[in-house]
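**Student:** predicted structure and sequence below. I'll ask about it afterward.
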Amino acid sequence: MRKTLLGMSKNQTMARVVKRLGPFLGTRRFVPGERIEDAIYRIKELNAQGIMATVDHLGEFVTSHAEAEAATEQALLTLKALHASGTESYLSVKLTQLGLDLDERFCEQNMRRILDEARKLGRFVRIDIEDYARNEKTLSLFERLIQDYGHETIGLALQSYLYKTEGDLKRLSVFRPNIRFVKGAYQESKDVAFPDKKDVDQNYIRLVEQHLLSGHYAAIATHDLAIIETLKRFIDQHGIPRTQFEFQMLYGIRSQSLLELARQGYRARVYIPYGEDWYGYYMRRLAERPENVMFIVKSWFKR
């Protein structure tokens with residue numbers, strides 16, 4: 001099922017069909033709305049419960065410079081709206097949305113415009129990591145940007161299912177990076193990624209532990225409660241301050257677990273996407289957890 005859903009996430013014909021059925025398919029569980037105002041409304045509710053947010057204007061794999069420029073403008077508007085709202089939140093972006101596949105220099109220029117605004121507003125921006133084909137381009141661009149903007153303004157996500165990530169983490173350590181650790185949500189070859197879940201999980205724990213012991217900030221983004229408990233024990237054993245890490249989860253998944261972490265005094269953040277181009281994101285969320293598919297199916301029978 002996972003492979004099928006991930007394949008569907010890149011099918012544009014399927015995307016057009018599914019987008020017309022959005023409300024029927026329960027998309028609001030994972031995407032609160034198409035406008036930044038929808039996201040901010042939910043962020044304020046979450047902030048009131050002690051949960052911070054990161055916001056992503058959905059969209060990826062643009063096909064023209066005009067689309068990439070429009071996405072850049074939307075990112076700038078999002079930053080300004082988040083700042084004006086006074087919410088505890090930052091921005092997440094995907095480089096393909098900013099034109100990475102069209103022209104790397106053009107993409108970098110767009111990213112610098114976003115980071116200039118973020119630095120002016122005192123906001124943080126994280127680059128989401130995408131599929132393996134774009135991994136090295138993303139890391140190279142991040143290395144250039146963090147030298148100019150610092151880890152206070154820009155961060156990156158890394159995937160534990162890739163063999164190369166441990167080396168990448170060591171390579172980036174000199175910059176004291178703020179890293180969001182994820183398992184990985186794309187369909188990759190066993191030549192570049194661990195095929196077995198247990199190996200992905202073990203590598204995830206190993207990467208986070210190495211990063212924390214280096215004294216760098218870690219965003220522990222997982223819904224795996226066993227991994228969370230393992231890392232909580234490690235953190236306690238090594239006396240790592242709670243200001244050096246946070247737990248993150250996706251909007252609509254294990255919300256109660258994240259709330260409980262916040263109540264325990266941990267820094268907690270939810271990843272909130274918004275926008276019209278929600279199809280690819282939505283399909284990857286279904287692919288990650290079969291329970292998500294069953295939730296949608298059950299909701300049909302409650303109508």
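**Tutor:** Cool, got the structure. Keep in mind that this is a model prediction, so the values were computed, not measured.
**Student:** for the chain, which helix is longest?
**Tutor:** Using DSSP state H, we find that the single longest helix of the chain is helix 65-85.
**Student:** by contact count, what packs against that helix?
**Tutor:** helix 36-47, strand 52-57, strand 89-94, helix 104-121 (3 or more CB pairs under 8 Å, 6 or more residues apart in numbering; DSSP states H and E). For the C-beta atoms, the positions are set from N, CA and C on the backbone; glycine is no exception.
**Student:** flag every buried residue along stretch 61-80.
**Tutor:** 61, 62, 67, 68, 69, 71, 72, 74, 75, 76, 78, 79 (16 or more other CB atoms under 10 Å).
**Student:** closest to residue 93 among these?
**Tutor:** Closest approach to residue 93 among those (CB to CB): residue 75, at 5.7 Å.
**Student:** and residue 162, backbone torsions?
**Tutor:** The phi/psi pair for residue 162 (degrees, to the nearest 10) reads phi -90, psi 140.
**Student:** tell me which residues touch it, please.
**Tutor:** Residue 162 sits next to 132, 135, 184, 188, 192, 193, 194 when contact means CB atoms under 8 Å, 6 or more residues apart in numbering.
**Student:** in what helix or strand does the third one lie?
**Tutor:** Taking DSSP states H and E as the definition, one finds residue 184 inside no helix or strand.
**Student:** and it, what does it touch?
**Tutor:** 159, 160, 161, 162, 193, 200.
**Student:** at 7 Å what do you get?
**Tutor:** Shown in contact with residue 184 (CB atoms under 7 Å, 6 or more residues apart in numbering): 159, 160, 161, 162, 193.
**Student:** what about residue 174, neighbour count?
**Tutor:** 10 (other CB atoms under 10 Å).
**Student:** just checking, residue 34 touches residue 275?
**Tutor:** Yes: between residue 34 and residue 275 there is a contact under CB atoms under 7 Å: 5.9 Å.
**Student:** which one's more surrounded, those two?
**Tutor:** Neighbour count, other CB under 10 Å: between residue 34 and residue 275, residue 275 has more, with 21 against 17.
**Student:** that one touches residue 36, doesn't it?
**Tutor:** No: Residue 275 lies out of contact with residue 36 (CB under 7 Å); the separation is 8.7 Å.
**Student:** tell me the contacts of the residue nearest to the spatial centre of the chain?
**Tutor:** The residue lying closest to the centre of the chain (CA atoms, centre = their mean) is residue 128, at 5.3 Å. Counting by CB under 7 Å, 6+ apart, residue 128 touches 92, 93, 94, 157.
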